[in-house]
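here is my input; please provide its structure:
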Amino acid sequence: MGITVNPTISRRRLGAELRRLRELSGMTTQQVATRLLISQPKISLLENGRRLIKPRDLRDLCGLYGVRDQRRVDDLMQMARESGQEGWWNAYDDIPYGAYIGLEAEAAAVRFYEPLVVPGLLQTPAYARAVIAGTIPHATAEQAGTRLQVRMRRQDRLRAPDNPLRLWAVLDEAVLWRVVGSREVMREQLDHLTHLSAQPHITMQVLPHEVGAHPGVSGQFSLLEFADATDVSVVYLERFTSDLYLEKRSDVRRYSDMYAHLQAQALSPDGTRRFIEEAIRAYAGPGSWPDARALSLPSP
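Numbering: from 1, shown residues only. Okay, here's the model as predicted:
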């Protein structure tokens with residue numbers, strides 16, 4: 001059985017190594033571009049893992065950076081070949097966030113804050129179908145079906161028997177009360193959340209409305225962390241037309257601090273579970289919405 005290769009991660013690792021070699025040579029990206037008669041943005045894209053590198057370009061860069069060890073060149077060439085392979089998500093057309101899926105597939109842990117809807121990794125099929133229909137109204141039935149298939153397959157990481165994805169979710173209280181699909185769909189979705197929150201590798205917290213202004217008011221963000229120390233953590237900001245990936249250590253540190261504040265202000269995991277159970281009962285009948293203050297416990 002062959003070893004599964006993640007092309008997104010291979011491309012990031014190769015880019016990081018090329019950046020290291022360039023910095024050791026004392027050259028700027030503009031100087032490299034001038035010497036090789038290529039554009040400076042191309043060098044930046046290669047070093048950021050955003051562009052596939054051709055063997056000829058890699059050979060030229062190795063020569064320019066003074067890499068003489070043939071075994072080292074061969075290792076870099078192997079990384080380039082791996083980065084050119086396709087991940088499972090490439091089999092699906094019209095998936096604009098393939099880069100994110102590649103990072104998520106390799107991540108050891110993901111921490112995210114979501115202010116509007118249940119995140120894709122935690123959605124039931126019925127809820128996901130309603131979210132896709134509501135957020136992409138122009139999608140054809142085939143396109144919506146493809147999005148749903150990809151979303152459900154991403155959840156395999158949570159069920160991996162040997163190395164499940166470690167997940168920490170902070171959900172704004174509005175996520176529970178925004179009726180996506182129908183009240184019955186919401187009941188099923190919230191029941192699913194209580195089941196997931198009981199898993200040892202999944203932690204869930206609800207951020208009550210009464211908290212007021214908080215570091216997450218600017219919108220959704222995710223922090224992806226990797227087991228390999230050479231892989232830099234990534235901040236992912238989902239946007240409607242183009243997503244943002246932040247990898248500078250100062251940016252990652254800032255968002256990590258923001259997340260720590262959100263965790264401290266949110267209900268504890270036990271309080272969150274009770275709050276969601278009360279919400280399920282509210283959706284089941286004409287009862288009033290639960291009071292977050294009555295369910296609050298000290299946060300970890």
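
any idea how many residues pack against Y259?
Taking other CB atoms under 10 Å as the criterion, the count of residues near Y259 is 21. In this view, the C-beta of every residue, glycine as well, is placed from N, C-alpha and C.

likewise for D69?
A count of neighbours around D69, defined by other CB under 10 Å, yields 9.

again with A174
Using other CB under 10 Å, the number of residues around A174 comes to 14.

that one against P115, yeah?
Yes. Counting by CB atoms under 8 Å, P115 is a contact partner of A174 at 6.4 Å.

point out where this structure drops to low pLDDT.
For the chain, residues meeting the criterion pLDDT under 70 lie at 1-7, 9, 84-94, 229-230, 240-242, 286-300.

do that again at 80, thanks
Within the chain, the stretches with pLDDT under 80 are 1-16, 47-51, 79, 81-99, 228-231, 239-243, 285-300.

so which residues of it form helices?
Assigned by DSSP state H, the chain shows helices spanning 7-25, 29-36, 40-47, 55-64, 70-83, 98-106, 125-135, 141-154, 174-177, 183-197, 249-265, 269-284.

now do the fifth one against helix 7-25, angle only.
Here helix 70-83 points in a direction 140 degrees away from that of helix 7-25 (axes from the mean of the first three to the mean of the last three CA atoms, to 10 degrees).

if you count contacts, what does helix 70-83 end up packed against?
helix 7-25, helix 55-64 (3 or more CB pairs under 8 Å, 6 or more residues apart in numbering; DSSP states H and E).

so which bits of the last one are buried?
With burial defined by 16 or more other CB atoms under 10 Å, the residues of helix 55-64 counted as buried are D57, L58, D60, L61, C62, L64.

how close does the closest residue to the last one other than its chain neighbours get to L61?
Okay, so that is L64. For L64, the nearest residue in space outside its immediate sequence neighbours is R35; the separation is 6.0 Å by CB to CB, 6 or more residues apart in numbering. Going from R35 to L61 by CB to CB, to the nearest Å gives 10 Å.

OK, contacts around R249?
Each residue near R249 by CB atoms under 8 Å, 6 or more residues apart in numbering is listed here: V232.

what distance do you get for it to E277?
Distance of R249 to E277, given as CB to CB: 40 Å.

do the same with T34
For T34, the distance to E277 under the criterion CB to CB works out to 64 Å.

who has more neighbours out of these two?
Relative neighbour count places E277 above the other of T34 and E277, with 16 against 12, counting by other CB under 10 Å.

list the residues that contact that one.
Taking CB under 8 Å, 6+ apart as the criterion, E277 is in contact with T194.

what distance do you get for the residue lying farthest from the centre of the chain to P125?
Going by CA atoms, centre = their mean, the residue of the chain most distant from its centre is R68, 37.5 Å out. According to CB to CB, R68 stands 55 Å off from P125.

give me the distance between the nearest residue to L36 once chain neighbours are set aside and R19.
Across the structure, with CB to CB, 6+ apart as the measure, the residue nearest L36 apart from its sequence neighbours is D60 (5.5 Å). The span separating D60 from R19 equals 16 Å under the rule CB to CB.

do the same with E238
The separation that E238 has from R19, given CB to CB, amounts to 26 Å.
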